[in-house]
Every structure is written in C-alpha cells, then in structure tokens.
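Visitor: compute the structure for the input listed below.
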Amino acid sequence: MNNAIQIKMTVELDRQRVVDTLINALEGGSNYWLTSYSLGKGDIETCLNELLNGKRDIIVKENDRDEKSYIVGVRDIETALQDMANRYPWHLKNLVDENDDAETADVLLQLAALKEIVYG
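Guide: Numbering: from 1, shown residues only. Down below sits the predicted model:
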C-alpha cells in the first residue's frame, strides 16, 4: 500500500525560459547524443519562439547506428514539461528557479524527442 499523498499543482513557466533551455540543449547539453538539428530559416531564438507558438517544428537526429530523426513540436515540448514535473520534479524546480544547467536542458530535449531519458 502506498502511503504517499498526491498533490497536483499548476506552475507557470515563462516561454523565454523554455526557449533558453532548448538553446542550451541544442547548442551543447545534448551534443553527446544529438548528431544534428534543423529549425529551418532564421535565428535559433526566433525559430524556437515560433516552435512554442505552434508555427514550426524541430527535427533532431539521434547519434546512434540508425541515426533516427524525430520531429518535435509544441505539443511534444508541453508533454515533456509535464513529464518532467511528474517524473523528474527536481529538474522542473531547477528550471523554474533559474538554476538549470546543461543536464536539465538535455532532459527536456530527450523527453520531447525520445519520450524518455535514454542517455545520461
């Protein structure tokens, strides 16, 4: 029998924090498993803002033998953040508290693209 008390709460996260975290993942935090990514034309910050507004996707390529590609959209990011809250709350806390690092960024991108933490 589980003796835990479940608490559900709503956390508001500034979109710019999510953009900055994704930049961190794409430009360094996930480079050990990420072969490449494609956002289309434009600078990375504008592209990621458009992603969060549902106007574009990211294509990420995994560095494995099959070099699988994943399309990541706004719903994937939202689901990854919810998954982070449910399964890895310390990473979400670090993100909200602006105490995140490359590991937190990597967790967000892995959850969005791979739907689980596969690496690290």
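Visitor: where along this protein do the strands fall?
Guide: Secondary structure of the chain by DSSP state E: the strands cover 34-38, 58-62, 69-72.
Visitor: now the first one against strand 58-62, angle please.
Guide: Looking back up the chat, that one is strand 34-38. 160 degrees (axes from the mean of the first three to the mean of the last three Cα atoms, to 10 degrees).
Visitor: which helices and strands sit right next to strand 34-38?
Guide: Other elements packing on strand 34-38 under the criterion 3 or more Cβ pairs under 8 Å, 6 or more residues apart in numbering; DSSP states H and E are strand 58-62. Placement of C-beta: from N, CA and C, glycine included.
Visitor: give the pairing partners of the strand it packs on; include direction for each.
Guide: Each strand pairing with strand 58-62, determined using DSSP bridges, is listed with its direction: strand 34-38 (antiparallel), strand 69-72 (antiparallel).
Visitor: in TSV, list those along with mean pLDDT and mean neighbour count.
Guide: Output for these, formatted as TSV (pLDDT from 0 to 100; neighbours: other Cβ atoms under 10 Å):
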stretch	mean pLDDT	mean neighbour count
strand 34-38	94	16
strand 69-72	96	16
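Visitor: looking at these, which is closest to Thr46?
Guide: strand 34-38 (14.6 Å; Cβ to Cβ).
Visitor: distance between that closest one and the chain's centre?
Guide: Between the centre of strand 34-38 and the centre of its host chain there is 14 Å, according to Cα atoms, centre = their mean, to the nearest Å.
Visitor: so which of the strands of the chain comes closest to Asn2?
Guide: With Cβ to Cβ, the closest approach to Asn2 among these belongs to strand 69-72: 33.4 Å.
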